[in-house]
Structure formats: C-alpha cells, structure tokens
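J.: missing the sequence, but the structure's below:
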Ligand SMILES: Nc1nc2c(ncn2[C@@H]2O[C@H](COP(=O)(O)OP(=O)(O)OP(=O)(O)O)[C@@H](O)[C@H]2O)c(=O)[nH]1
C-alpha cells in the first residue's frame, strides 16, 4: 500500500459487458500476489448476483437496489469510508452497475472525506467489442453511456473478441483506440489479460510537488487533483479565484476553514459557482480540496492555493 493509502479501482462498463468476469480474474491475480483486497459491488436489483464471484472471506460491501450514480452515491462514499476503517487493505475494486455513468461514480470516490484514505488509481472501461461496433443501432442514451465508458477510462478492456471475426475484431480495436487514444488498451476474450496493466502500473505521483501531501491523479484527459491545505483560506479571495477558473474545471469539493471564523465548511463547486456550507461532523476531517477537470492546470492551481495560504497567514 504505497503512501499509506488504499488503491482504488473502478470497473465501469455497460450491462453484461464483462465486468464481473474481469473482476474475478483480477481478484485471482491479486490473491496470488498476497494482496489484501476489498470489493464494493453495486447492482440495480435487490439481490446481488455478481458477488458470487467474490472469494469467501474477502471484505465485500453490496449496494443493492439502486444505481450508484443516482440514488445511492452517498452510500458508496460511506461504504468506502467504513471499509477503510474496518480492514487493513491494499486495494479496493468497485464494480458499478452497467447503468452507472463513470463520472458520477468518480464523484462518490473522490469525496473529500476519502482523500486521506484512498488513492484513486484508475477507471477501467469494459467494452463489449461487438456492441461497440454496432453502437449506431443503439438508443441514443445507451450509445452515450457506452461511449462514456470508453471516453473516461484510463484503461480500456475490449471484451468478447471471440464473438467477432478477425476482420471485425481489428475494426473494433481500431475504432476504440481512435475514440480514446490516450487510454491503455487491451482486447480479450473472457478477461485473459495481463492484469499488471491495471494493478500497480500507472504513473500516479508527481515528484516535483513542493507540498508533501499533494497528489495528482492523471486521468489522461480527465484529471483529479487532490490538494491538502496547510491553513485557513481568505474566503472572498478564495471564492473569487474559484469563479475565475476555466470551464474545463468541472467540479471541485472539499473541507476548508476560512480566516474569519473557526468553523469547518463543506466546499462545493460546479458550473462556475462555489458554495461553502457549514459542516458538523463527528469524524475528523482534514482540510482538503479535490478538483476534477479536463487537462487541469495543476501548477496554476497549486500556485494560487499557496498564494492564498500565504495571504491568510500574513494577515494574521
Ligand atoms: N463470449 C464471451 N462471453 C463473455 C466474455 N466475457 C464475459 N462473457 C459472458 O458475458 C456474460 C456477462 O458477463 P459478466 O462478466 O457477468 O458481465 P457484467 O458486465 O458483470 O454484467 P452486469 O453485472 O449485468 O452488468 C456472462 O455470461 C459471461 O460469461 C467474453 O469475452 N466472451
């Protein structure tokens, strides 16, 4: 467990694309390595089917009867928190329902309360290659979801090669690669992949960060940047700076203190508008901000936050 935090992997893919098959293969590989693994499974129905793939004794949380990206997003955050508190783990795998949008699941995984506990490693997009090739025939929302699983993936596993002819297989691989060229790609039948492309292989830490706890997760085009804060921030200046961020910063959230009051705030930012909500918690919260965006300029964010911290300290 690098950096003392638990590695977190999300398997995202349309219904029936092969997520559980891939998960079973990953768990087998992880157990051979002797790593301690937890699993969170989300199924839309009231009964979990996929958890049958999980070996006895492996920590498992099931989120049933709701899609993690709509009705039970808060529950996923809570389950992740509980799992980290209850077990000593090296990695946790989340299998989202086939109906979940990966960005919504990512939102739950990057809740600021989880920042000290988890290291979000990768979104693994599981794509049924035949369905991909025939996607123009799908209803628009299904096609969009299928494409989102490829678009936001760090690693794409194209599945069910065995259902395609050689010509179809080459064509599907080519279009998936050109749709999301920055991902790592692997095309397979029944998840016969080199599991090392998922576990422990991505560059995740920037070495040039002056702030010891600062961490960058390179999501290819989509990036998550987690910045622990050293002090309270001047509220007005902070809010004005947030409003000046480019629209490609889709989302930010965190826990912060501001200089004019000792109380803790939950910070939320979406569509250009920052919000500070007084927050009472019986859990200890570290001051932290999480940014999610397209090609985030992490240097500029880091510099601006350092300046805000310096300004707050010199005003004291
Ligand atoms: N032919 C073929 N079938 C596969 C492959 N991978 C998985 N399957 C089958 O496809 C079906 C669905 O696979 P799962 O792994 O359960 O898919 P899932 O994405 O977890 O499904 P949901 O949880 O319903 O979204 C199962 O019957 C698998 O055995 C493959 O590469 N080739």
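T.: Yes, it's here. Remember, it's a predicted structure, so these values are computed and weren't measured experimentally.
J.: On the three-state scheme, the nearest residue to residue 254 once chain neighbours are set aside is what?
T.: Closest residue in space to residue 254, ignoring its immediate chain neighbours: residue 289 at 3.8 Å, by Cβ to Cβ, 6 or more residues apart in numbering. Every C-beta, even on glycine, is put in place using the N, C-alpha and C of the backbone. At residue 289 the chain is in strand, as set by DSSP: H, G, I helix; E, B strand; the rest coil.
J.: got a list of what residue 289 touches?
T.: With contact taken as Cβ atoms under 8 Å, 6 or more residues apart in numbering, residue 289 is in contact with 112, 226-227, 229, 252-254, 256, 267, 305.
J.: repeat that with 10 Å
T.: 112, 115, 225-229, 233, 238, 242, 252-256, 267, 269, 301, 305 (Cβ atoms under 10 Å, 6 or more residues apart in numbering).
J.: Now do the helices in the stretch 1-150 of the chain.
T.: 19-32, 73-86, 102-109, 129-133, 140-151 (DSSP state H, counting those that start in this stretch).
J.: who's in contact with the shortest one?
T.: With contacts defined as Cβ under 10 Å, 6+ apart, helix 129-133 is touched by 13-18, 137-138, 142-143, 146-147, 149-150, 156-164, 168-169, 171-173, 175-176, 179, 187-189.
J.: In ChimeraX, select just the buried ones from the residues you listed.
T.: Buried members of these, defined by 16 or more other Cβ atoms under 10 Å, are picked up in ChimeraX with:
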select :13,14,17,18,138,143,146,147,149,150,156,157,158,159,160,161,164,169,172,173,176,187,188,189
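J.: Report the entries of the contacts of helix 129-133 that also contact the ligand.
T.: 13, 15-18, 159-160, 162-163, 189 (Cβ under 6 Å from any ligand atom).
J.: Report the buried members of the contacts of residue 289.
T.: Counted by 16+ other Cβ under 10 Å, the contacts of residue 289 give 112, 115, 225-229, 233, 238, 242, 252-256, 267, 269, 301, 305 as buried.
J.: sorry, back to before: can you list the ones next to the ligand among the contacts of helix 129-133 in a markdown table and add pLDDT and distance to residue 128?
T.: Conversion of those to a markdown table gives the following (pLDDT from 0 to 100; distance: Cβ to Cβ, whole Å):
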| residue | pLDDT | distance to residue 128 |
| --- | --- | --- |
| 13 | 91 | 8 |
| 15 | 78 | 9 |
| 16 | 80 | 7 |
| 17 | 90 | 4 |
| 18 | 90 | 7 |
| 159 | 95 | 6 |
| 160 | 93 | 5 |
| 162 | 93 | 12 |
| 163 | 89 | 8 |
| 189 | 95 | 11 |
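J.: rewinding a little: among the contacts of residue 289, name the ones in strands.
T.: 225-228, 252-256, 267, 269 (DSSP state E).
J.: From residue 106, how far out is residue 240?
T.: Note on residue 240: its distance to residue 106, by Cβ to Cβ, to the nearest Å, is 27 Å.
J.: Comparing these two, which residue is more hemmed in?
T.: residue 106 (22 against 11; other Cβ atoms under 10 Å).
J.: Thought residue 152 was touching that one, still the case?
T.: Yes - Residue 106 sits in contact with residue 152 when judged by Cβ atoms under 10 Å, with a separation of 7.5 Å.
J.: what's the helix or strand for residue 312?
T.: helix 298-315 (DSSP states H and E).
J.: May I see the buried residues of that helix?
T.: For helix 298-315, by 16+ other Cβ under 10 Å, it's 298, 301-302, 304-305, 308-309, 312.
J.: so how many other residues sit close to residue 197?
T.: Neighbours around residue 197, by other Cβ under 10 Å: 16.
J.: ok, it to residue 262 distance?
T.: Counting by Cβ to Cβ, the gap from residue 197 to residue 262 is 47 Å.
J.: Please tell me the pLDDT value assigned to residue 206.
T.: Here the pLDDT value assigned to residue 206 is 29.
J.: ugh, typo on my part, it should be residue 305
T.: 97.
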